[in-house]
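Trainee: sequence and predicted structure are below.
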Amino acid sequence: MNRAPKLSPSKRIIFSIIPALLIVGILAAAEILIRLFNPSGGNHFTNEAKFDNREWYQTNRSYLKKYFPWNAPSVPEFKSALFKKDKGHLFRIVCLGESSMFGTPYEMTATIPAIVRKELRHAFPGREFEVVNLGASAINTNVIRDFVPLLAEYSPDLVLIYTGHNEFYGPDGVGAFWPEKIFSPLIRWKYGMKDFRLVEAGESWLKNHYQEVPEGTPSNLMYQVSQGSHIALASSDAERIFDRFQDNMTAILRTLHDSRIPVIVSEVSSNLFFPPFVTDTVKDAGLLNEIPEKFKKGALEDVLTTLSPRVAAEPENAFYSYWLGRSLFALGKYDSARSYLERARDNDLLKFRAPGKINAILRDVCRQFNVPCLSADSALGAACPGGIGDSSVFWEHLHPTVLGYHIIAELFVKEILKEEIPLSLSDHSVSPSPLPFNYDSLSICWLDLAYAERSVEHLTGRWPFTNYHRTPVEMQFADSTLRSVVDQVYYRTTTWDEALYKTATYFWRYGNLRAALTSYEAELEEYPYNFYAQYLTGNLLRTMGRNTEAVTHYQISISSNSQYPYSSLDLGLLDVNDGQYQEASDHLHHALSVGVSEGNKGVTEKSWYGLAALHARMLAIDSALVEVRNALSISPNDPEALALQKALAGSR
């Protein structure tokens, strides 16, 4: 038998490489073909959209799926935001962060980005501002670092950052694959691989065919991102997370610096009065109930006597530090109390609150790039007794109340005005004072406040919260109609816009015109070009006797959508009553034209009636009679038209 000739080492290498190259070539060809035949596919950061004859970028809400495992039970999303494709001279701000920048538990106008936008529009009334909220629950700086290079394409004039709470449990934190823990660039390589269409298609197929949630798994996002992992402050895992955070923040600020985009960063803050989720084992188990009971009864000196030696012996035990801090605070020893409460937060083994070292890293990195680093913790504490943020500025462990969000937003706004960032682009003087903190002045609608209560109830009703209760304010006094609307929007059986209109209609019907107006204003703060909301706002203002403001909203509605006839019709009728005859004629004829072309008999009839009233005012009786007869030919029993016809006939 003849043996096959033995290959040389070089040939063996070549023949082993060829199959690998063939596989790579086939995969590359498949990737190219997918992109050629489906150019609009893929996980784009934004999509292009057209609304009201304007071209927009729209955030891709599902973009964040690339940072989470294909079998994740739920994936956080961006808010749906529109910003102009043709930026022009407007001032664009991009906000980066996690759930607190996203605005949890609020949905719309009670968030940091929304309040910053409202304040700046007030400060610069002649200037157009866009504030794009790119915060999202459960993400961290691994994610922000990956997508921040994309921001330059959209030409932001300023970036605001509030981040740091999710470094442990966000994507590729303590749950990172072990090679990524050793060599962190693998994380960015993995994210890059997920941009390939083949990888995206493969993950989509797996998700559709094999995704299963293990029985007994808590179905909430907090458990999903943490898997219940306990992390000691003095551990290699914690040190690795701190190093990664510093590296990420350095890269983020360097990217923005290189793109010449100004940045303002805020330290993060949390509720020091919220008890630790998980602590080290308390050797004397009886203390777990004994200490809280003594505290409630006011036996503060007993608590100090019991805990002081234990804290000295076990400084990393969060239970001891927490109750010692609470007792010192109750005794008015605020500085000492803060020290122990901070220690309790840092040594909480379930790290949903950023340890103090996160803020130290933020300050250090900001100094390197000469970037302002604001102290949200100090600002929030200043609004609370003893200078320590409590439940008046936080819902639970870290998400601010509307007051808390307002304080942080105002902190950003003051720094923007101090640095005079928008002034170089504006010829308008700055308003002398900020808006007062009340819901109406800030356009914070009832629906957003009630939605937050519903959201917090859901969030804190599951792991890791135990025995948490917060008395609702808005929902407690709401009737079944309003409660139903809140539930509909919370469970996504109706859209936010529809729910907002429903609540505004409800308030209007029952005479609470200010609440109705705030609801419409909330919608317009989010999207000023909403012709329908502008129209409804105009109608409500006219009902309130604020005709000059009503005219402005009718005009904006018409400029946004001239084919919506009701704005022209109602503005024309208002102009008739105000003696603006030429304007009234223009608007009523336009409404008539649209009504006839669309076969809208109601608009056509009311337009004829309006023109008849106009000519009656101008003493053109014959023309008025012709027009009122046209109106009655469409609606013979219209009482207003019949009364006008009778009056005109009697005046001849």
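Mentor: Arrived safely. Here the structure is a predicted model, which is why all the values come from computation and not from measurement.

Trainee: how close does the spatially most central residue of the chain sit to Tyr57?
Mentor: The centroid of the chain falls nearest to Phe102 when counting by CA atoms, centre = their mean (3.6 Å). Relative to Tyr57, Phe102 is positioned 19 Å away (CB to CB, to the nearest Å). Any C-beta I mention is one placed from the backbone N, CA and C, and that applies to glycine too.

Trainee: then Gly545?
Mentor: 40 Å.

Trainee: between the two, which one's more packed in?
Mentor: Set side by side, Gly545 and Tyr57 show more neighbours around Tyr57, with 20 against 8, by other CB atoms under 10 Å.

Trainee: and the residue nearest to the centre of the chain, how far from Tyr63?
Mentor: Here the criterion is CB to CB. By it, Phe102 lies 14 Å from Tyr63.

Trainee: Glu419 too?
Mentor: Here Glu419 is placed at a distance of 30 Å from Tyr63 (CB to CB).

Trainee: more crowded one of the two?
Mentor: Tyr63 (21 against 13).

Trainee: do you know the pLDDT at that one?
Mentor: Tyr63 is assigned 94 on the pLDDT scale.

Trainee: hmm, it is touching Pro76, no?
Mentor: No. Contact criterion CB atoms under 8 Å: Tyr63 and Pro76 do not qualify, at 10.3 Å.

Trainee: tell me, what's touching those two both at once?
Mentor: Among the neighbours of Tyr63, none is also in contact with Pro76 (CB atoms under 8 Å, 6 or more residues apart in numbering).

Trainee: in this protein, which spans are strands?
Mentor: For the chain, applying DSSP state E gives strands covering 46-51, 54-59, 82-84, 91-97, 129-135, 158-162, 263-266, 373-374.

Trainee: so what strands line up beside the last one?
Mentor: The sheet places strand 373-374 alongside strand 263-266 (parallel), with pairing taken from DSSP bridges.

Trainee: need the CA coordinates for the strand it pairs with. PDB is fine.
Mentor: Extracted in PDB, the C-alpha atoms of strand 263-266 (Å, rounded to 0.1, in the frame of the first residue of the first chain):
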ATOM      1  CA  VAL A 263     -20.100  68.400  29.800                       C
ATOM      2  CA  ILE A 264     -21.500  68.800  33.200                       C
ATOM      3  CA  VAL A 265     -21.400  65.900  35.600                       C
ATOM      4  CA  SER A 266     -23.200  65.400  38.900                       C
END
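
Trainee: give me the contacts around that strand.
Mentor: Residues contacting strand 263-266 (CB under 8 Å, 6+ apart): 158-162, 253, 256-257, 362, 366, 369, 371-376, 408, 411-412, 415-416, 419.

Trainee: how about 7 Å then?
Mentor: Counting contacts by CB atoms under 7 Å, 6 or more residues apart in numbering, the residues outside strand 263-266 that touch it are 159-162, 253, 256, 362, 366, 371-374, 376, 408, 411-412, 415.

Trainee: narrow these to just the buried residues.
Mentor: Buried members of the contacts of strand 263-266, counted by 16 or more other CB atoms under 10 Å: 159-162, 253, 256, 362, 366, 371, 373-374, 376, 408, 411-412, 415.

Trainee: let me see the contact set for Ala584.
Mentor: Residues near Ala584 by CB under 7 Å, 6+ apart: 572, 575-576, 614.

Trainee: go on, Ala641?
Mentor: Applying CB under 7 Å, 6+ apart, one finds that Ala641 lies in contact with 609, 628, 631-632, 635.

Trainee: avg pLDDT for stretch 18-30?
Mentor: Averaged across stretch 18-30, pLDDT comes to 67.

Trainee: no no, stretch 252-269
Mentor: Throughout stretch 252-269, pLDDT has a mean value of 98.

Trainee: for that stretch, buried residues please.
Mentor: Those would be 252-253, 255-256, 261-269, for stretch 252-269 by 16+ other CB under 10 Å.

Trainee: just stretch 66-84 next, same as before
Mentor: 66-68, 70, 72-73, 75-79, 81-84.

Trainee: list the contacts for the closest residue in space to Ala641 that isn't next to it in sequence?
Mentor: Spatial nearest neighbour of Ala641, chain neighbours left out: Ala631 (4.5 Å); criterion: CB to CB, 6 or more residues apart in numbering. Residues near Ala631 by CB under 7 Å, 6+ apart: 605, 608-609, 612, 638, 641.

Trainee: most neighbours, which of those?
Mentor: For the contacts of Ala631, neighbours were counted by other CB under 10 Å; the highest total belongs to Ala612, with 29 neighbours.

Trainee: sorry, back to before: and for Phe102 and Tyr63, which residues touch both?
Mentor: Residues touching both Phe102 and Tyr63 (CB under 7 Å, 6+ apart): none.

Trainee: need the contacts of Ala641 in a markdown table (columns: distance to Ser235).
Mentor: Shown next, in a markdown table, are the contacts of Ala641 (distance: CB to CB, whole Å):
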| residue | distance to Ser235 |
| --- | --- |
| Tyr609 | 78 |
| Val628 | 85 |
| Ala631 | 80 |
| Leu632 | 84 |
| Ser635 | 78 |
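
Trainee: let's see which of those end up in helices.
Mentor: Using DSSP state H, the subset of the contacts of Ala641 located in helices is 609, 628, 631-632.

Trainee: what two of those are the furthest from one another?
Mentor: Greatest spatial distance among the ones in helices among the contacts of Ala641 (CB to CB): Tyr609 and Leu632, at 8.8 Å.

Trainee: could I get the strands of the chain as a markdown table with distance to His458?
Mentor: As requested, the strands of the chain are exported to a markdown table (distance: least, CB to CB, whole Å):
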| stretch | distance to His458 |
| --- | --- |
| strand 46-51 | 30 |
| strand 54-59 | 24 |
| strand 82-84 | 28 |
| strand 91-97 | 22 |
| strand 129-135 | 19 |
| strand 158-162 | 23 |
| strand 263-266 | 27 |
| strand 373-374 | 31 |
